[in-house]
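# Below: sequence and its predicted model.
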Amino acid sequence: MTLKDKKVLVAGAGKSGIGSANLLIRSGALVSLYDGNEELKPMDVYAKLEGNREIPLILGELKAEDTEAFDLLVLSPGISVNAPVSKRFMEAGKPVWSEIELAYQVSRGQIAAITGTNGKTTTTALVGEIMRCCYSDVYVVGNIGTPYTSIALDTKDDSVIVAEISSFQLETIHDFCPKVSAVLNITPDHLDRHGTVEIYAKTKESIGMNQTKDQIMVLNYEDAVTREMAVRAKAKVVFFSLHHELEEGVYFKDGAFMLAENGSAFAICTEQDINLLGDHNYENILAAIAVSHYMGVPAEKIRQGVSGFKGVEHRIEYVDTIENVAYYNDSKGTNTDAAIKGIKAMNRPTFLIGGGYDKKAEYDDWIEAFDGKVKELILLGATAEKIGETAKAHGFSQIVYVDTLEEAVEYAASHAVSGDAVLLSPACASWGMFPNYEVRGDRFKECVKRIKER
């Protein structure tokens, strides 16, 4: 569809909707913006548009006659295909596009698209890092934070786009076709929107629905749902596996990340080359290697990208190694489930910094997950006493109480020995001490930097 002079309604006035509206304006479309929140102030919306454009804005209820005026609806990810605005366009036989579809229609270059329930952001960021080692014009977009629509018109034939794609964005794709697609895993999620796990999985699988046999679909061999997708895939399927040696694909064996192709296998990198910890991150690395290889990146460039990648900020993020003591920032571990992943990822004796705002949680499962890895538990914040008592009840008594995060890092640095790790993974929110977990994580990294500069 040629967008020039087309009458297009963009649903949603958030970051994604604004990105779509700006793209459409630049493409010469006649754009209107709709949002169900009638409390929005028009001038606040216009201030976000390029040139402060005052395009038609519909707030609150969308009338039937409003639908009749448009040729196309572009949905923001937060608006379902089952929403009234979507149904009206569909019933009228008018196209409904996701922002991903809109961006695809006007962009150029090669696309690597990544979806799945868990690990999308880390894998997408890692693939982006690897691509930058090989290509000069790389964009990392989608659910990771930068709308695809915001860069689509700037792409060129030699551009590489790495896109994190959500199930919401996949609901209304039509022609979207990446060179390499990946589905990392499927576990129940967003059932309030999709209804069943089967529909959710099918939506994820649609990332490859327009691919051809000359393109690649990367799937997780360890996940029964994604493994079954191979039967229906139109593209060539390449598996990655954490626990199985593959005749063709990417797998982990004896501490090495292996690539098997055309009857031979070789190591792309080893555990010693990487900064990410935990089985879930090993799977992310395997997937990223597969995607990058089939996007044409040489093995040495993949190794360079993987070894330089420190992870997504505040998620078991490698910070630095000082006198062979490794420091990790898992400030996003704001509940016990997340913090359990943090401690399970550690492969060294660990000084664990925890505690914070009291959300009335229980900490038994977290303490049980220590599994002999934690040398000392350094506690601060409103929950310090409660966590300490829980730890003692489970037979763990190596506990230190401090007043500030700075004290916690200083204590850990002065008592850790070569081969240890220091992990900030609080199992609590940051409120009361910090505005958010990002500020807490940044403060931790500042403390580590000061220790290194001594």
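All right, it came through fine. Note that this is a predicted model, so its numbers are computed, not measured.
# Now do the contacts for the residue nearest to the spatial centre of the chain.
Computing the C-alpha centroid of the chain and ranking residues by Cα atoms, centre = their mean puts Thr121 first, at 1.6 Å. Residues near Thr121 by Cβ atoms under 8 Å, 6 or more residues apart in numbering: 143-144, 164, 312. Quick note: C-beta positions are derived from backbone N, CA and C, even for glycine.
# Backbone dihedrals for it, both of them.
Thr121 adopts backbone torsions of phi -70, psi -50, taken as degrees, to the nearest 10.
# Any figure for the gap between it and Leu219?
Distance of Thr121 to Leu219, computed by Cβ to Cβ, to the nearest Å: 19 Å.
# quick one: average pLDDT of the strand or helix carrying Phe252?
Phe252 is part of strand 249-253 when elements are defined by DSSP states H and E. The pLDDT scores in strand 249-253 average 98.
# And for stretch 46-54?
Mean pLDDT, stretch 46-54: 85.
# Contacts made by that stretch with the rest, please.
18, 21-22, 25-26, 42, 55, 57.
# again, but for stretch 8-15
The contact list for stretch 8-15, computed with Cβ under 8 Å, 6+ apart, reads 17, 20-21, 24, 29-35, 37, 40, 45, 57-58, 66-67, 70-76, 78-79, 83, 85-86, 147.
# May I see the buried residues of that stretch?
Going by neighbour count (16 or more other Cβ atoms under 10 Å), the buried part of stretch 8-15 is 8-15.
# cool, and stretch 233-241?
Residues of stretch 233-241 classed as buried: 233, 235-241 (neighbour count, 16+ other Cβ under 10 Å).
# can I see the domain layout of this protein?
Split into domains by automatic domain parsing, the chain comes to 7-94, 101-308, 317-452.
# could you give the mean pLDDT of the last one?
I take that to be domain 317-452. Average pLDDT, domain 317-452: 95.
# isn't Ala163 right next to Thr146, touching?
No - when contacts are counted by Cβ atoms under 8 Å, Ala163 is not listed as touching Thr146 (9.7 Å).
# Have a look at those two and say which one is more surrounded.
Under the neighbour definition other Cβ atoms under 10 Å, Ala163 and Thr146 were set side by side, and Ala163 has more, 29 against 16.
# and that one, which of the three is it?
Taking DSSP: H, G, I helix; E, B strand; the rest coil as the rule, one finds Ala163 in the strand state.
# for the residue lying closest to it once chain neighbours are set aside, what are its contacts?
Leaving out its chain neighbours, the residue that sits closest to Ala163 by Cβ to Cβ, 6 or more residues apart in numbering is Gly142, at 4.0 Å. Contact analysis of Gly142 by Cβ under 8 Å, 6+ apart lists 100, 113, 124, 148, 163-166, 169.
# Next: Ala429.
Contacts of Ala429 by Cβ under 8 Å, 6+ apart are 334, 356-357, 359, 437.
# Just give me the closest of the contacts of stretch 46-54 to Asp364.
Using Cβ to Cβ, Ile18 comes nearest to Asp364 of the contacts of stretch 46-54, at 44.9 Å.
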